[in-house]
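[1] What follows is a predicted structure for the sequence shown.
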Amino acid sequence: MKKLLLVFMCVFFAFGFASAQENEDSQDSFLDSLGNDDFWGELQESNEIIEDENESIAQEKEAERQKQERIKAKKRQNKAVTAFALGANAPFNLTTDSDKTLNKLSFPVGVSAHLVGCWTYVSAKGNISWDFVKYAEKTSVLFGGTISLGLSPIHNDYWFIGLYGTIGFDKIENYRYYSYGASGTVFFNFSERFGLFVNCDVTCRTNENYEGDEKVAPYEPLFLSTWRVCPSIGISYSFMRG
């Protein structure tokens, strides 16, 4: 029994000595690595990589923040907007009177120039148009115009919407017709200044004035109480927005 206990104690002390020696060797290896220039170089390189990654992440976050700020700024309502537009027209006439026969000898086309202004939510618009519609033997170009006043619920850097009450006039044959109605204007900005322009005027001719030769009996005002519907599409240029 004593011999067995003596053997056990010898084995235990031998194992402890070996473990202590191994720990001492590990500590010496760790201390040696601390004194190694390669170790410090690798550590510094690793820290630089981490710093570069953190800086890259910070730059991406800042770029995204600036992008969102620009988007918010463009969506923010402008206090004032002034724009000029040129459009191609497709005017046509409507009537509910079955006794009226409106001339349809040629396809209605035309051009128009528009000026649109807005202050806060109040907006005004004016346009002049030249319609190439042959209503009579000598008719070639019909001149007309409208003035509109209304509201603009949306007017930011992306797009503009205006809804208006409209009064206007147009001259057909020997008659000048005066009309009233409504119109709507939209333009989508695809750059800082230029945009796609869409407009539609719907007016009813309620009064007429004969402007022909007084020596000739006036013709019947065929277009009295008819509707002029004139959609337009073109290019807008915003020369004031802020």
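    Received it, and whenever you're ready, just let me know what you need. Residues are numbered from 1 along each chain as shown.
[2] max-length strand in this structure?
    Using DSSP state E, we find that the single longest strand of the chain is strand 194-210.
[3] In the next helix or strand along the chain from that strand, which residues are buried?
    For strand 194-210, the following helix or strand on the C-terminal side (DSSP states H and E) is strand 227-241. Neighbour-count burial for strand 227-241, counted by 16 or more other CB atoms under 10 Å, picks out W227, R228, C230, P231, S232, G234, S236, S238, R241. Where you see a C-beta, it was placed from the backbone N, CA and C, and this is true even at glycine.
[4] Report the separation between the residue nearest to V109 when sequence neighbours are not counted and N174.
    Nearest non-adjacent residue to V109, counting by CB to CB, 6 or more residues apart in numbering: F132, 5.4 Å away. Using CB to CB, to the nearest Å, F132 is found at 18 Å from N174.
[5] Could you check how far the residue nearest to V109 is from S183?
    For F132 relative to S183 (CB to CB), the value is 21 Å.
[6] and what of G87?
    Distance from G87 to S183, counting by CB to CB: 12 Å.
[7] Check W130 too.
    Distance from W130 to S183, by CB to CB: 18 Å.
[8] What ranges does the chain have for its helices?
    2-34, 37-75 (DSSP state H).
[9] Could you tell me the least trusted of those?
    Mean pLDDT is lowest for helix 2-34 among the helices of the chain, at a mean of 49.
[10] For the residue nearest to G181 when sequence neighbours are not counted, give the beta-bridge partners.
    Leaving out its chain neighbours, the residue that sits closest to G181 by CB to CB, 6+ apart is T203, at 3.5 Å. Per DSSP bridges, the residues bridged to T203 are G181, R228.
[11] since we're on T203, how many residues are nearby?
    When neighbours are counted by other CB atoms under 10 Å, T203 registers 24.
[12] Equivalent analysis for the one 3 residues further on, please.
    Neighbours of T206 under the rule other CB under 10 Å: 13.
[13] Would you agree it is in contact with Y180?
    Yes: T206 is in contact with Y180 according to CB atoms under 8 Å; the separation is 6.5 Å.
[14] nearest residue to G234 other than its sequence neighbours?
    G87 (3.3 Å).
[15] beta partners of the one you found?
    So, taking DSSP bridges as the rule, G87 has S112, G234 as bridge partners.
[16] Repeat that for R176.
    K171, N209.
[17] Quick check: the gap between it and G126.
    Taken as CB to CB, the span from R176 to G126 is 18 Å.
[18] Kindly report the same for S46.
    69 Å.
[19] Please say which of the two ends up with more neighbours.
    For S46 versus G126, neighbours defined as other CB under 10 Å are more numerous around G126 (16 against 10).
[20] Distance-wise, check that one relative to N209.
    21 Å.
[21] can you check V133 too?
    20 Å.
[22] Could you do V111 as well?
    25 Å.
[23] Give me the more crowded residue out of F132 and S183.
    More crowded of F132 and S183, by other CB under 10 Å: S183, with 22 against 16.
[24] wait, isn't that one in contact with V229?
    No: applying CB under 8 Å, one finds S183 not in contact with V229, separated by 10.4 Å.
[25] anything in contact with each of those two?
    Residues touching both S183 and V229 by CB atoms under 8 Å, 6 or more residues apart in numbering: C200, D201, V202.
[26] Excluding sequence neighbours, find me the nearest residue to V122.
    L151 (6.6 Å).
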